[in-house]
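Engineer: need coordinates for the below:
(one chain, ligands or ions: 3)
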Amino acid sequence: MDKKLYAPDIIKLKGVRKFSMVTAYDYTSALLVSMSDIDIILVGDSLGMVMLGHENTLNVTVDEMLIFLKAVKKGAPNKMIVADMPFLSYQIDIKDAIENAGKLIKAGADAVKIEGFEFPIPEITKRLSSMGIPVMSHLGLTPQHVLKFGGFKVQGNTKEDADKIIGASKELEEQGAFCVLLEAVPEEISEMVTKELQIPTIGIGAGRFVDGQVLVWQDLLGINPNRVPKFVRKYANIKDIIIDSLNRYHLDILNSTFPSYEEAHHLKRV
Ligand SMILES: Nc1nc(=O)c2c([nH]1)NC[C@@H]1CN(c3ccc(C(=O)N[C@@H](CCC(=O)O)C(=O)O)cc3)CN21
Ligand SMILES: CC(C)C(=O)C(=O)O
Ligand SMILES: [Mg+2]
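Structural biologist: Ligands and ions are numbered 1, 2, ... in the order given. I've put the predicted structure just below:
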């Protein structure tokens, strides 16, 4: 097994090789990631949607994040873990932001991810970084702004938006971010950001020219029966395997072919 990576190792990968990140939310999935070559695990606030069934990520709390994060840490102690700071866990004031980031770090995160760039995000990024908490910045389609965007819509379509995203990523790099995540932006923008920054970029629906890629577990494995974004590549179709397995199990019960003699316990002969 390769050595565990930390924020400075990710920075050093820029221009050397690309890197991979996948979300995981539970112990068993994390165990599987721990046995793979994946570089980074994201305990994303997308768990509010794919694990808890919410319509968006706005309901997720720090306490919920901690439950999933601790489970993932137990399954994959050998992997770098980034944890999302959920909605309202960092926006209210800097004291809150530090306290909540600290909770995630104490629960096993190796870095935290923060959405956006407007006040007070640069200051929070600077403060956390200077305290020793690596910060991954998240720009573009920031799902915690879904109500303001009016849906999960591609961001940065106009020249103005593009300039904003490029300027914001430079600002966040200056404030100490170790990586900038770009979600659902045209690849012309993410390519420019990637060239402008010394720190690596990571993309989801941000095209080809970023330094790393991230996908949601349920999307890339084909477990999610809901509509998935256009940028997802399904590496498996586990959903069909699960439904078929459940149906065969059901049928075996109705046919009385499960359990078999061998699958039952028997009285010991005395
Ligand atoms: N399962 C899952 N996968 C994700 O990648 C994901 C989540 N959930 N939840 C939080 C955010 C939301 N994300 C999303 C969700 C939808 C689109 C999407 O459908 N975009 C449309 C374009 C819509 C438009 O621009 O009008 C697309 O066709 O891809 C993009 C990002 C990414 N994140
Ligand atoms: C989609 C990724 C980037 C994320 O923030 C999450 O999983 O919450
Ligand atoms: Mg998130």
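
Engineer: helix or strand: which one has P122?
Structural biologist: Per DSSP states H and E, P122 falls inside helix 121-131.

Engineer: next one: R208
Structural biologist: Secondary structure from DSSP H and E places R208 outside every helix and strand.

Engineer: residue ranges with poor pLDDT in the protein?
Structural biologist: Scanning the chain for pLDDT under 70 picks out 1.

Engineer: strands of that one, start to end?
Structural biologist: With DSSP state E as the criterion, the chain has strands at 19-23, 40-43, 80-84, 111-115, 135-140, 179-183, 201-204, 212-215.

Engineer: any part of the fourth one near ligand 1?
Structural biologist: No - if you take C-beta under 6 Å from any ligand atom as the test, strand 111-115 misses ligand 1, and the best it gets is 10.6 Å. No exception for glycine: its C-beta is placed from N, CA and C like everyone else's.

Engineer: please identify the pairing partners of that strand and their relative orientation?
Structural biologist: Sheet pairing of strand 111-115 (DSSP bridges) gives strand 80-84 (parallel), strand 135-140 (parallel).

Engineer: between these, which one is closest to ligand 3.
Structural biologist: strand 80-84 (4.3 Å; C-beta to the ion).

Engineer: nearest spatial neighbour of D161, chain-adjacent residues omitted?
Structural biologist: Once flanking residues are discounted, D161 sits nearest to Q155: 6.3 Å by C-beta to C-beta, 6 or more residues apart in numbering.

Engineer: for E188, which residues are in contact?
Structural biologist: If a contact means C-beta atoms under 8 Å, 6 or more residues apart in numbering, then E188 has A162 as its contacts.

Engineer: how far away is it from ligand 3?
Structural biologist: For E188, the distance to ligand 3 (C-beta to the ion, to the nearest Å) stands at 24 Å.
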